[in-house]
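Peer 1: build me a model:
(one chain, ligands or ions: 2)
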Amino acid sequence: MNIIITGGAGFIGSHVVRLFVEKYPQYKIFNVDKLTYAGNLANLKDIENKPNYTFVKADICDFDTIYALMQREHIDGIIHLAAESHVDRSIKDPFTFARTNVMGTLSMLQAAKLYWESLPEGYEGKRFYHISTDEVYGALELTHPEGLHSDISAHEVYGDEFFTEDRKYQPHSPYSASKASSDHFVRAFHDTYGMPTIVTNCSNNYGPYQFPEKLIPLFINNIRHRRPLPVYGKGENVRDWLYVVDHARAIDTIFHKGAIAETYNIGGFNEWKNIDIVKVLINTTDRLLGRKEGEDMDLITYVTDRAGHDLRYAIDSRKLKRELGWEPSLQFEEGIEITVRWYLENQAWMDNVTSGDYQRYYDEMYKDR
Ligand code: NAD
Ligand code: DAU
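Peer 2: Numbers count the residues shown, from 1 in each chain. Ligands and ions are numbered 1, 2, ... in the order given. Presented below is the predicted three-dimensional model:
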């Protein structure tokens, strides 16, 4: 197969590109990425010279370029990850999110439609796989604020409800509204034109190469430099965390075995309150730096809550396990240890992405705190 992976220079995309390039030498993988602040080719240094890998610097909104690439390279499959992905940025600048996440997805869909419909075999053997998020489902209640041990959870659950695939969309942030809109376009292309589409909705990812504006890498770096840790609100919000390589494995499974027009939820059954994650990060980082475990607890700084902050996300991924046999391979404790170690050992990567433009943005974003 000849496959376009969009957003391959970003956090999750780089893990997906790496997995496909290494596991499928018979495929040709085209990484299409605009290289925004979140895209970094250093994330793919180890595979950049592989014969089955090509980087194409392009904006997904640029229909002509995407269409020409599809024609030239006889593209059979698209795994679409490119997006603006940070909720706080979407609150400040929703237009960029509508442009890339909605119009960019539409441009990818339309290019695939026109190219595939021009072929004698049409949509036969083709696949448009759209990567979405659990945030489109809205927020769940904290009906068990103290946490409840559960058979299906590696850790605790904090409520009775979970997001299943048939749950109503109820996005709250401009980011999740833009992702919801793109999901609707993808399904509309199946229903209207018969395009073979798949959508998956995944929970919070963590692991190497995540841009340090997101909770986990931001806080590891701040602990290292003994900077304040800005916990939004009371730190009571709950997220369901999945190691990024397990997400990439799920994408591989679903791209190859998933049923057309289906939706699959991907999650770790691994719910944590933000404040508890922060304590784990402090203990782990302190230990790995040779400090006394927990000595940096006083860096915790409660700040004004995120506007419209969703209280709890919890994915029910049993359909994916039941139908395609996927489940997470890593326990959270193991994944966090690998992750903290990676950021501490890759300070050059961190210094690179936190310099220049990013730093200016960051100063602006947090100037009131
Ligand atoms: P990221 O911000 O780390 O990377 C996004 C990538 O897309 C970057 O390489 C960027 O350069 C590229 N990009 C942005 N705009 C582009 C454009 N107009 N044209 C071409 N490339 C462009 O994001 P991520 O965290 O890796 O998320 C990837 C996808 O997975 C997104 O669609 C996101 O909604 C989804 N998702 C993320 C998570 C998570 O926890 N990070 C969870 C579930 C779903
Ligand atoms: O659920 C999937 C989503 O997870 C993805 O679709 C998004 O692309 C991804 O960014 C992530 O969204 P979140 O908003 O949950 O992730 P973030 O790392 O920004 O925040 C995690 C939690 O930590 C959230 O409740 C807000 C809180 N937080 C975050 C930051 C950056 C803080 O308390 N302080 C912070 O400085």
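Peer 1: switch to C-alpha atoms for all contacts and neighbour counts from now on
Peer 2: Will do.
Peer 1: ok, the closest residue to Gly233 other than its chain neighbours - contacts?
Peer 2: Using CA to CA, 6 or more residues apart in numbering and skipping the chain neighbours, the partner closest in space to Gly233 is Asp305 (4.1 Å). Listed by CA atoms under 8 Å, 6 or more residues apart in numbering, the contact partners of Asp305 are Tyr232, Gly233, Lys234.
Peer 1: doesn't Asp305 belong to a strand?
Peer 2: No - counting by DSSP: H, G, I helix; E, B strand; the rest coil, Asp305 is not found in a strand; it is coil.
Peer 1: any idea how far stretch 151-169 is from the chain center?
Peer 2: The chain centre lies 19 Å from the centre of stretch 151-169; the measure is CA atoms, centre = their mean, to the nearest Å.
Peer 1: just the mean pLDDT for that stretch, thanks.
Peer 2: For stretch 151-169, the mean per-residue pLDDT is 89.
Peer 1: please see if it touches ligand 1.
Peer 2: No - using CA under 6 Å from any ligand atom, stretch 151-169 never reaches ligand 1; the gap is at least 13.4 Å.
Peer 1: what lies in contact with that stretch?
Peer 2: 134, 136-138, 140-150, 180, 238, 263-265, 269-272, 313-317, 331.
Peer 1: what is the end-to-end distance of that stretch?
Peer 2: Using CA to CA, to the nearest Å, the end-to-end distance of stretch 151-169 comes to 27 Å.
Peer 1: list the buried ones in it?
Peer 2: If you call a residue buried by 16 or more other CA atoms under 10 Å, then stretch 151-169 has these buried ones: His155, Glu156, Val157, Tyr158, Gly159, Phe162, Phe163, Thr164, Glu165, Tyr169.
Peer 1: do stretch 184-200 as well
Peer 2: Applying 16+ other CA under 10 Å to stretch 184-200 flags Phe185, Val186, Arg187, Phe189, His190, Met195, Pro196, Thr197, Ile198, Val199, Thr200 as buried.
Peer 1: show me these that map onto helices.
Peer 2: Of the buried residues of stretch 184-200, the ones assigned to helices by DSSP state H are Phe185, Val186, Arg187, Phe189, His190.
Peer 1: give me the distance from the helix or strand containing Phe95 to the chain's centre.
Peer 2: Applying DSSP states H and E as the criterion places Phe95 in helix 94-97. From the chain centre to the centre of helix 94-97 is a distance of 18 Å (CA atoms, centre = their mean).
Peer 1: close to ligand 1, is that helix?
Peer 2: No - on the criterion CA under 6 Å from any ligand atom, helix 94-97 is out of touch with ligand 1, staying 8.6 Å away.
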